[in-house]
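>>> Have a look; sequence and predicted model below, questions after that.
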Amino acid sequence: MSAYRKEGSIEKTYITANGIAMLLLLIAIIVAVPVAVFTLRQAALFPVIALAIGIAFIAPGFFMLQPNEAVVLTLFGSYLGTDRAPGLRWTLPWNLRKKLSVRARNHNIETLKVNDKRGNPVEIAAVVVWRVEDTAQALFDVEDFENFVKVQSESALRHVATRYNYDFGEEHEANEVTLRAGADVVADSLREELQVRVQQTGVKVEEAKLTHLAYAPEIAGAMLRRQQAEAVISARAKIVVGAVSMVEMALKSLSEKNCSERDTQPIVNTGTLYT
């Protein structure tokens with residue numbers, strides 16, 4: 001059992017018969033019907049009936065599976081198992097069969113308007129790559145697993161977006177993760193949270209990526225002017241720091257130069273008051 005799933009229905013393997021072999025048997029029975037009628041004539045009634053019953057029994061049991069496709073089999077509401085073997089397969093005709101794709105699927109989360117950690121309205125969208133890992137859970141533990149993934153994807157994206165600021169503010173922590181600068185971290189957080197939300201559906205979330213991120217139109221202009229002002233202030237601060245550094249270097253250089261150009265002063269020992 002995969003680590004991401006801890007409870008719910010568990011998929012089990014059900015081995016169905018080789019469809020090619022059963023098809024050859026069916027063809028042989030069909031060919032045997034006219035042969036029996038021709039050879040036995042009047043006495044062929046019971047063999048023909050038996051052969052007809054055999055045809056009626058075998059013919060409805062065929063089904064085809066493509067690669068990365070599975071079939072869930074049930075009998076009178078009881079789960080028998082899942083067959084993932086591709087090709088022509090055969091099972092008892094009274095076993096109900098439900099085909100299910102286990103290929104990777106994309107779900108595009110349309111652009112949502114949410115508030116970031118500071119409360120600023122932002123627009124955000126993402127794409128989620130997922131696949132059905134447990135067919136039993138997907139069919140029996142939720143009503144519609146595809147719609148379930150869709151709804152939970154939007155909910156998870158909204159929740160994750162509220163945990164981060166859109167961008168750095170005037171005061172920010174050294175290792176702060178933002179929606180704009182930490183897109184990969186945010187995407188990983190989205191994938192992990194979504195996996196927890198959909199674990200009961202037997203779905204495994206393989207990847208999540210942000211596809212759109214921007215301030216909401218009503219504040220986009222104000223935020224752009226703010227970013228421009230912060231950029232100007234930052235540039236002026238760097239200019240001041242650079243000028244101060246240059247002055248300090250000049251003063252240090254002059255100090256060293258004055259010391260090197262001063263003549264050497266001889267030291268004359270004039271004695272003390274006691275000599």
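Alright, I've got the coordinates.

>>> So for the chain, the centremost residue is which one?
Taking C-alpha atoms, centre = their mean as the criterion, Glu207 is the residue nearest the geometric centre of the chain, at 2.7 Å.

>>> Got phi/psi on it?
Taking degrees, to the nearest 10, you get phi -160, psi 150 for the backbone angles of Glu207.

>>> If you drop the residues flanking it in sequence, what lies closest to Lys117?
Nearest residue to Lys117 in three dimensions, chain neighbours excluded: Asn165, at 4.7 Å (C-beta to C-beta, 6 or more residues apart in numbering). C-beta here means a position set from N, CA and C on the backbone, and glycine is covered the same way.

>>> so how far is Ala70 from the one you found?
From Asn165 across to Ala70, the span is 44 Å (C-beta to C-beta, to the nearest Å).

>>> With Lys257 instead?
To Ala70, Lys257 is 85 Å away according to C-beta to C-beta.

>>> Comparing these two, which residue is more hemmed in?
Under the criterion of other C-beta atoms under 10 Å, the comparison of Lys257 against Ala70 puts Ala70 first, with 19 against 9.

>>> Bridged to the more buried one, which residues?
For Ala70, the beta-bridge partners under DSSP bridges are Leu100.

>>> thinking again about what came up before, okay but the residue nearest to the centre of the chain is in contact with Val129, surely?
Yes - with contact defined as C-beta atoms under 8 Å, Glu207 counts as touching Val129 (4.2 Å).

>>> The stretch 151-275 of the chain: helices as residue ranges?
For the stretch 151-275 of the chain, the helices defined by DSSP state H, counting those that start in this stretch cover 183-198, 217-261.

>>> Please apply the same query to the stretch 1-150 of the chain.
Going by DSSP H, counting those that start in this stretch, the stretch 1-150 of the chain shows helices at 19-40, 45-58, 135-140, 145-161.

>>> right, so those helices: which one is the most enclosed?
helix 135-140 (a mean of 22; mean count of other C-beta atoms under 10 Å).

>>> Which residues does that helix contact?
Helix 135-140 has contacts (C-beta atoms under 8 Å, 6 or more residues apart in numbering) with 5, 8-12, 70, 72, 79, 82, 98, 100, 102, 132, 145, 200-203.

>>> According to the record, where do the domains of the chain fall?
Per automatic domain parsing, the structural domains of the chain span 17-101, 105-215, 218-251.

>>> Return the mean pLDDT over the last one, rounded to an integer.
Rounded to a whole number, the mean pLDDT of domain 218-251 is 64.

>>> Buried residues in stretch 80-99, which are they?
Across stretch 80-99, burial judged by 16 or more other C-beta atoms under 10 Å covers 80-84, 88-91, 95, 97.

>>> for stretch 106-116, same thing?
Neighbour-count burial for stretch 106-116 flags 107, 109, 112, 114, 116 (criterion: 16+ other C-beta under 10 Å).
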